[in-house]
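1. predicted model, plus sequence, below.
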Amino acid sequence: MVRDKPGVMCIRRVGILSRLVGALLLASTMTSAQSKNSDETARHTESSHSVAFVSRNSAIAVIERWVLGLSQSTLENGLRVVMAPDPDSPTVSVSVTYDVGSRNETVGQSGFAHLFEHMMFQGSRNVAKGDHFQLITSRGGQLNGTTSSDRTNYFETLPASELQLGLWLEADRMRWLDISPENFENQRAVVKEEYRMRVENAAYRPALIELERQLFAGYAPYEHPTIGSMADLDAAKLEWVKEFHSRYYRPNNAVLSLSGGFDPDQAMEFIRKYFGAIERAPVAAFSEPALPPDRTQENRLALTDVNAKTAALLWGWRIPKSRTADHFALEMTARVLADGESSLLYEKLVRKLALARDVSVFTYDHRGPDAFVITVELNEGADAAKVEAIVDKELSALASAGPNRNALERARQRTKSAFVFGLQSNQNRATTLGEYAVFYDNPRLIARDLEALLKVGPHDITEAVALYLPKHARTLIHVAPAPKPPILRAEPQSPVSSPVTSQASQSSKESR
């Protein structure tokens, strides 16, 4: 995800989410305590009738009660509205999620969705350039915008009394964004500088981009990075950018989500007042192209990275789309392998053998076909072949026997914790609700996803790893740091020195 704006402030836990966190952490504590019991109890824990499973269901029930309290409506112009009121909260978050990302870009016009992440803060008919930031921050609020392959969102968090301001600002730029030649050229230069900083001058980043290009080669929506390319930014024309904006940044292609301290009826009055007059426009449905055949032979590449201090290994496999049973199993596989210092690969490669300084395993969570990625940044002098063999051995073990009970239970606890704390702030709740509404047309699926993840068992992981992560289906990139330039050594001085040289040398020694 490409980010540009200042960091998002942390909202203290209040109201509904405070109670949500408490209930989930209590359930987490109960399950952690049970995992320390005898082997017989541990075997019983895997049963669907175990106390641990009941605890997990109790945690899920809390989230289910929260999502059942959501209200949803659609304006006449097609704008979908999702509201999650919490009367006890002193803050409110407003998020607008547009159903456009880099997957919607055409060949030669990459980076346009990310460009508009910047353009959206350059002013509109009633808001001068820079005033959006000033109006929010002067009231103690924070704002941001993010772009991914599958969506773009803009959001602000304000004192609850300032809801009207947040809605007015979002409506003004949705309706009357200032796409002037000056703003376009200015923000094109900003994005190009961001590209230099975050891609060209960032260690291992070019290799990650190349890995994604290899995994989705022939599948246009995902084979180019969200930030675009320097060549496409240079070639971009203002009329292309305006056409892209008119095609996607419409009320009938967006979701407005609110979370925090507000009255739903009053909020709806404001929403109709500010957004209701914005005209809808035809939006072409996304046409998903055919997926190229699966790889039948391992793809190995070697790259040199001038910014890397040590070597790295990057593995990648193409996997099914998010919210499928196999994807849930592979998400849990990622946590078993590298989430936390006690995870399988981190424990072995970083803590025990000191072969690596960092290990990460993740899925992109695309709406369409997805990817499973392992990255290992080696310590200086570490044997890359030995690291590769260890990763292969751990994957083979998962494919044949699955994770042990302790490893899977740790992954479940960390999944629950991540899910809870990912929903602790009004801002995160508003953006998550908007994303679920855009991706799946149902924000209430949040609770089902936690349940699906926690239900993943050893056999599910065994089947998913064996089916989707075989050696022949992977791309492996070996990243090497650029060779170090030779050290130039001065010629040794003659033992016979002139009086002037000797005096200078003596003065130098005294000064030291």
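-> Structure received.

2. where exactly do the strands run in the chain?
-> 2-3, 71-74, 80-85, 91-98, 142-147, 152-159, 254-260, 299-305, 312-319, 356-363, 370-378, 475-481 (DSSP state E).

3. residue 417: which of the ones you listed is closest?
-> The closest of those to residue 417 is strand 356-363. By Cβ to Cβ, the value is 16.6 Å. Using the backbone N, CA and C atoms, a C-beta is placed for each residue, glycine as well.

4. need the contact partners of that closest one.
-> Contacts with strand 356-363, where a contact means Cβ atoms under 8 Å, 6 or more residues apart in numbering, come from 310, 319, 322, 327, 330-331, 333-335, 337-339, 343, 345-346, 349-350, 370-379, 382, 387.

5. then stretch 181-201?
-> Under the contact criterion Cβ under 8 Å, 6+ apart, stretch 181-201 has outside partners 2, 4, 111, 114-115, 118-119, 122-123, 129, 205-206, 209, 225, 227-228, 230, 233-234, 236, 238, 241, 307.

6. quick check: the spatially closest residue to residue 125 that is not a sequence neighbour vs residue 451, distance?
-> With sequence-adjacent residues excluded and distances taken as Cβ to Cβ, 6 or more residues apart in numbering, residue 125 is closest to residue 176, at 3.6 Å. Distance, residue 176 to residue 451, using Cβ to Cβ, to the nearest Å: 43 Å.

7. likewise residue 248?
-> Here the criterion is Cβ to Cβ. By it, residue 248 lies 33 Å from residue 451.

8. looking at those two, which is more packed in?
-> Neighbour count, other Cβ atoms under 10 Å: between residue 248 and residue 451, residue 248 has more, with 21 against 16.

9. who touches residue 344 in this structure?
-> Contact analysis of residue 344 by Cβ under 8 Å, 6+ apart lists 336, 337, 338, 394, 403, 407.

10. switch to 6 Å and redo it
-> 337, 394 (Cβ atoms under 6 Å, 6 or more residues apart in numbering).

11. my guess is residue 73 contacts residue 82, does it?
-> No - Residue 73 lies out of contact with residue 82 (Cβ atoms under 6 Å); the separation is 8.6 Å.

12. the two: who's more crowded?
-> The neighbour comparison of residue 73 against residue 82 (other Cβ under 10 Å) goes to residue 82, with 22 against 14.

13. point out where the stretch 151-300 of the chain drops to low pLDDT.
-> Scanning the stretch 151-300 of the chain for pLDDT under 70 picks out nothing.

14. over to the chain?
-> Scanning the chain for pLDDT under 70 picks out the ranges 1-59, 487-512.

15. same thing but at 80, please
-> Residues of the chain meeting the criterion pLDDT under 80: 1-59, 484-512.

16. show me the domain layout of it.
-> 71-275, 290-481 (automatic domain parsing).

17. quote the end-to-end distance of stretch 116-125.
-> For stretch 116-125, the first-to-last residue distance is 17 Å (Cα to Cα, to the nearest Å).

18. ignore the last one, stretch 364-377
-> 19 Å.

19. let's number from 264 now, not from 1
-> Okay, using 264 as the starting number, the last item reads as stretch 627-640.

20. could you dump the strands of the chain to CSV with distance to residue 432?
-> Converted to CSV, the strands of the chain look like this (distance: least, Cβ to Cβ, whole Å):
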stretch, distance to residue 432
strand 265-266, 20
strand 334-337, 21
strand 343-348, 16
strand 354-361, 8
strand 405-410, 9
strand 415-422, 7
strand 517-523, 12
strand 562-568, 41
strand 575-582, 39
strand 619-626, 34
strand 633-641, 34
strand 738-744, 43
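
21. the closest residue to residue 714 other than its chain neighbours: what's it in contact with?
-> Spatial nearest neighbour of residue 714, excluding adjacent residues (Cβ to Cβ, 6+ apart): residue 323 at 4.8 Å. By Cβ under 6 Å, 6+ apart, the contact set of residue 323 is 710, 713, 714.

22. got those residues as CSV, with distance to residue 563 columns?
-> Shown next, in CSV, are the contacts of residue 323 (distance: Cβ to Cβ, whole Å):
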residue, distance to residue 563
710, 42
713, 37
714, 39
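
23. show me the residues you listed that map onto helices.
-> Within the contacts of residue 323, residues falling in helices by DSSP state H are 710, 713, 714.

24. for the first one, give its distance to residue 737.
-> What it means is residue 710. Applying Cβ to Cβ, the value for residue 710 to residue 737 is 34 Å.

25. so where do the helices sit in the stretch 564-713 of the chain?
-> For the stretch 564-713 of the chain, the helices defined by DSSP state H, counting those that start in this stretch occupy 588-601, 607-608, 647-663, 668-684, 689-703, 708-717.

26. tell me which of those lies nearest to residue 397.
-> helix 689-703 (19.4 Å).

27. hmm, who's touching that closest one?
-> In contact with helix 689-703 (Cβ under 6 Å, 6+ apart) are residues 271, 274, 345, 347, 354, 356, 358, 360, 362, 414, 416, 418, 420, 518, 520, 522-523, 630, 685-686, 706, 708-709.

28. what angle do helix 668-684 and that helix make with each other?
-> 100 degrees (axes from the mean of the first three to the mean of the last three Cα atoms, to 10 degrees).

29. got the angle between helix 689-703 and helix 708-717?
-> With the same axes, to 10 degrees applied, the angle from helix 689-703 to helix 708-717 works out at 90 degrees.

30. show me how far helix 689-703 is from its chain's centre.
-> 13 Å (Cα atoms, centre = their mean, to the nearest Å).

31. list the buried residues of stretch 644-651.
-> Buried positions in stretch 644-651, judged by neighbour count with 16 or more other Cβ atoms under 10 Å: 645, 647, 650.

32. and which of those residues is nearest residue 722?
-> Nearest to residue 722 among the buried residues of stretch 644-651: residue 650, at 28.4 Å, using Cβ to Cβ.

33. mind listing what the closest one touches?
-> Contacts for residue 650 (Cβ under 6 Å, 6+ apart) come out as 618, 639.

34. what do you get if the cut-off is 7 Å, keeping everything else the same?
-> Contacts were defined as Cβ atoms under 7 Å, 6 or more residues apart in numbering; by that measure residue 650 touches 576, 612, 618, 619, 639, 641.

35. quick check: the last one touching residue 574?
-> Put plainly, it is residue 641. Yes - with contact defined as Cβ atoms under 7 Å, residue 641 counts as touching residue 574 (4.7 Å).

36. shared neighbours of these two, anything?
-> Common neighbours of residue 641 and residue 574 (Cβ under 7 Å, 6+ apart) are residue 647.

37. contacting residues for residue 544?
-> Residues in contact with residue 544 (Cβ under 7 Å, 6+ apart) are 509, 513.

38. roughly how far apart are it and residue 626?
-> 34 Å.

39. ok, residue 438 next?
-> Note on residue 438: its distance to residue 626, by Cβ to Cβ, is 37 Å.

40. what sits closest to residue 365 if chain neighbours are left out?
-> Sequence neighbours aside, residue 489 is the residue nearest to residue 365 in space, at 4.3 Å (criterion: Cβ to Cβ, 6+ apart).

41. tell me how many other residues surround the residue nearest to residue 403 when sequence neighbours are not counted.
-> Distances taken as Cβ to Cβ, 6+ apart place residue 422 nearest to residue 403, at 6.1 Å, with adjacent residues excluded. Residue 422 has 15 neighbours, counted by other Cβ under 10 Å.

42. give the contact list for residue 422.
-> Taking Cβ under 7 Å, 6+ apart, we find residue 422 in contact with 353, 354, 402, 403.
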